[in-house]
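**Student:** Give the three-dimensional model of this entry:
(one chain, ligands or ions: 1)
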Amino acid sequence: MNIQSGRQLAVTASRVDSISSSNSSQQQFGSTRDFMEQPLSPIDDGYQTTPDPYDGTDGYGSKGQLAPLLSWDNVTYSVRVKDKEQSSMRTLLHGISGEVYPGEVIGLLGPSGAGKTTLLNILAGRIEGGVLNGKVQFRGKKRVPGIFKRRVAYVEQEDVMFPMLTVEETIMFAAKLRLTDKKYSQLQKVERVASVMQQLRLSHIKGSKIGDALNRGVSGGERKRVSIGVGLVTDPDMIVLDEPTSGLDSNSAEMVVELVRDITRSRGIASVMTVHQPNANMLNCFDRILLLSQGHLVFFGSANDAIEYFESKGFPCPLRQNPADFFIDIMSLNNRSPHDLELSRRRIEFLSQSFSESKYPAAKLSLSYGGLYEQAFNPNLAVGASRVANTSGWGTTADESPPRRANWLFEVKTLAQRDVITTVRHFTFLSAVCLNSVSVLLLLGLLFFKLGNEIESIQNRIGLFFALTLNSTYGVMSHYLYVYYKAKDIMLSERGSGSYRMSTFYLAKVIVYLPLAVLSSWVYFVGIYFMAGLQPGAAKVLTSLSLFTVLIVVTLGVTLLVGSFVDTYDLASVVCALAVTTWVIFGGHLANAGDLLPVIRWMQFISPAFYVYEGMVRTEFDGLQLHCRANNGLCMARGDDVVKLYRLDQFTVGQCALIGVGMAVLYNLFAYMSLRWKAKPRYLWI
Ligand SMILES: Nc1ncnc2c1ncn2[C@@H]1O[C@H](COP(=O)(O)OP(=O)(O)OP(=O)(O)O)[C@@H](O)[C@H]1O
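**Tutor:** Next comes the predicted model:
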């Protein structure tokens, strides 16, 4: 399987040796500096006077018989940037061309800011904003977004996963959501997950939780392999990885790159990855490297050829220097002084110009496709064989039918299942919810204990309903906004591969959050109701409880609306706090409902707290007999008079409940619509 890698290693070693014997390091740096004094043109393209390793006759094997899986031609990308009041277009990529073949691993290398991630995102169909030109073809045809995003696995730099799920559950949920029941039985999905874990050497930790900064979980390297597993389980044609080695120690980093290479070979898929500074072993895993500097293509070919190519241009790789470091060095801007900066700029300009003027892009396949074909037709490598053998006729043999989605109900069930597991295992969240219920119960229960029917109890009763309204809305918003943002982050990363529908995501959230929010609120509401000694009787209790439940549902709807609409959690929590404050101010307790200025009175009517508060107060005071002390001219013996005094008689209890239900439906609808609108991918396709 590693004939090619072995050969590359040998060639790299021999080339590095030959370079080292013919150049002292003094000469090498000298040659780089000498070049700086040369005019930029005409270019002495020594590379073309030596045998062209790209001419297909270099003994590496046959070429051009495989069709590229993905090809990109003259890709140019610009964004609008603002610089001191002035806005202008900045070109991040300048006419980049290339292709990747099945069974091939391509490394995108370059200094920081070279445009690697930008190019990777364009190739993966994940670029948003800006102006994109050029041509990208998948299996020789223009990409169809719906099909392409399901054929390509994108592994982001940040591994966004549920920390409470185990390794196996994480990959299994990806399989359940992305592999349709029509094509794969449950058993096949289980087998597939097991095989992916085995390939990625994760089987021994399949029961370990992913973990996060607060809860220790799997290691960084294992985490990255789980991310790759999530992508691989869907059997993609191509895997795209953004900095898969960042933050890993060199052993883990090597392991990740080697595993990607092995899987690429054995499955006959294609891989493209950006790597910051690969060591020599990692460099050997790439069949070809695409070198970028300042958005320009500087080289595209095997690492061995790169060494030879740069040497022919006057930049020999110094003895014992990691070739990748050397490539990055000569492609980097040197900011040490204005002179150095100018020289490095000219060097980069020269390198990109030289490469564009070399024979590229005429099928410069220097890598040993013979090796790939050996694998393809080696019966011992059956998986890769069938895949690679197929690749000669991708356009005709591949399944290009529109991708099927999982059944809608199955999607809701699976997502709700995942939410239940993650919520139940979220210890801090559950503790906060329980603590809130118990503390509100004790606090309000003791504060308003046994109110009695004296005239003073009017204020206490009114105050109790106000406190209940306030506490429940703050509680629901603060608890569920946070967990919603966490789940939304993961959804935003999963949406690019079309894993599931927005409607099923939203519904699953409501299905899991609502019962929890309602039950935890009932605990303290019912407890406080009886501790305070409010009007007994099933009808009274159930009416107040129903109104209170409506408030919880509306509050959750508003929480999800803010969570869907506002991009960041920090801003969303401010918006939520403002919403609750406004509701409460206009809730009918702080200001007499009838005395508000007409110009702001309308705000009362959009406050769900107002209807629920009015409904609960009316229910409680309806038929309530209060004990008046003798000779107290202010006494109101009938509860209904209190309602009138506070002007809380604008709507009947039934109307309050109906309006509350209407608001609950409306806010949830708005929340879903804004989620759809905000989370809708706006990727550019060429
Ligand atoms: N949307 C954007 N608006 C403005 N500038 C951008 C935008 N996206 C990227 N850039 C700039 O384009 C350049 C290339 O960015 P990119 O992230 O592709 O580089 P990179 O090679 O991946 O760098 P690194 O290795 O540091 O991640 C950088 O200078 C970056 O600041």
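
**Student:** Need phi/psi at residue 604.
**Tutor:** Dihedral angles of residue 604 (phi, psi; degrees, to the nearest 10) stand at phi -60, psi -40.

**Student:** Buried ones in whichever strand or helix holds residue 644, by neighbour count?
**Tutor:** Assigned by DSSP states H and E, residue 644 falls within helix 639-645. Within helix 639-645, the residues that qualify as buried are 639, 642, 643, counting by 16 or more other Cβ atoms under 10 Å. For glycine as for every other residue, the C-beta is placed from the backbone atoms N, C-alpha and C.

**Student:** how about those in a markdown table, adding pLDDT?
**Tutor:** Shown next, in a markdown table, are the buried residues of helix 639-645 (pLDDT from 0 to 100):
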| residue | pLDDT |
| --- | --- |
| 639 | 79 |
| 642 | 81 |
| 643 | 81 |
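
**Student:** closest to the ligand among those residues?
**Tutor:** residue 643 (58.2 Å; Cβ to the nearest ligand atom).

**Student:** residues in the stretch 201-350 of the chain within reach of the ligand, list them.
**Tutor:** Contact residues (Cβ under 6 Å from any ligand atom) of the stretch 201-350 of the chain with the ligand: residue 276.

**Student:** any low-confidence regions in the stretch 201-350 of the chain?
**Tutor:** For the stretch 201-350 of the chain, not a single residue meets the criterion pLDDT under 70.

**Student:** Helices along that one, start to end?
**Tutor:** Using DSSP state H, counting those that start in this stretch, the helices of the stretch 201-350 of the chain run over 220-232, 250-267, 280-285, 303-312, 323-331, 338-357.

**Student:** Could you state which residue of the protein sits nearest its centroid?
**Tutor:** With distances taken as Cα atoms, centre = their mean, residue 493 lies nearest the centre of the chain, 2.1 Å away.

**Student:** next SSE after the one helix or strand that residue maps to?
**Tutor:** Following DSSP H and E, one finds residue 493 within helix 457-495. Per DSSP H and E, helix 457-495 leads on to helix 502-532 as the next helix or strand towards the C-terminus.

**Student:** Toward the C-terminus from that next one, list the very next helix or strand.
**Tutor:** With DSSP H and E, the next secondary element past helix 502-532 is helix 538-565.

**Student:** which residues does residue 345 contact?
**Tutor:** residue 333 (Cβ atoms under 8 Å, 6 or more residues apart in numbering).

**Student:** backbone phi and psi for the closest residue to residue 460 other than its chain neighbours, please?
**Tutor:** Excluding its sequence neighbours, the residue lying closest to residue 460 (Cβ to Cβ, 6 or more residues apart in numbering) is residue 451, at 5.1 Å. Per-residue torsions, residue 451: phi -70, psi -30 (degrees, to the nearest 10).

**Student:** Any regions of the chain where pLDDT drops low?
**Tutor:** Ranges of the chain meeting pLDDT under 70: 1-66, 359-405, 588-596, 629-634.

**Student:** for it, what spans make up the strands?
**Tutor:** Ranges of strands in the chain, per DSSP state E, are 70-83, 86-100, 105-109, 131-138, 141-142, 152-155, 238-242, 270-274, 288-293, 296-301.

**Student:** still on that earlier bit, contacts for the helix holding residue 644 next, please.
**Tutor:** By Cβ under 8 Å, 6+ apart, the residues outside helix 639-645 that reach it are 458, 462, 617-618, 620-626, 636, 649.

**Student:** and if we set it to 6 Å?
**Tutor:** 458, 618, 621, 624, 636, 649 (Cβ atoms under 6 Å, 6 or more residues apart in numbering).

**Student:** Count the neighbours of the fifth one for me.
**Tutor:** One way to gauge burial is a neighbour count; for residue 636, by other Cβ atoms under 10 Å, it gives 17.

**Student:** now it: how far from residue 294?
**Tutor:** Separation of residue 636 from residue 294 (Cβ to Cβ, to the nearest Å): 81 Å.

**Student:** picking up where we left off before, residues contacting the residue nearest to the centre of the chain?
**Tutor:** Residue 493 is in contact with 156, 160, counting by Cβ under 6 Å, 6+ apart.

**Student:** same question, residue 429
**Tutor:** Residues near residue 429 by Cβ under 6 Å, 6+ apart: residue 483.

**Student:** Can you name the residues bridging to the residue nearest to residue 152 when sequence neighbours are not counted?
**Tutor:** With sequence-adjacent residues excluded and distances taken as Cβ to Cβ, 6+ apart, residue 152 is closest to residue 238, at 4.9 Å. For residue 238, the beta-bridge assignment (DSSP bridges) gives partners residue 152, residue 270.

**Student:** Residue 238 contacts residue 268, doesn't it?
**Tutor:** No: assessed by Cβ atoms under 6 Å, residue 238 is found out of contact with residue 268, at 10.8 Å.

**Student:** Looking at the two, which has the bigger crowd around it?
**Tutor:** residue 268 (26 against 23).

**Student:** Hmm, that one is touching residue 101, no?
**Tutor:** No: at 9.8 Å, residue 268 does not count as touching residue 101 under the criterion of Cβ under 6 Å.

**Student:** out of the buried residues of helix 639-645, which one sits closest to residue 299?
**Tutor:** Nearest to residue 299 out of the buried residues of helix 639-645 is residue 643 (Cβ to Cβ; 81.7 Å).
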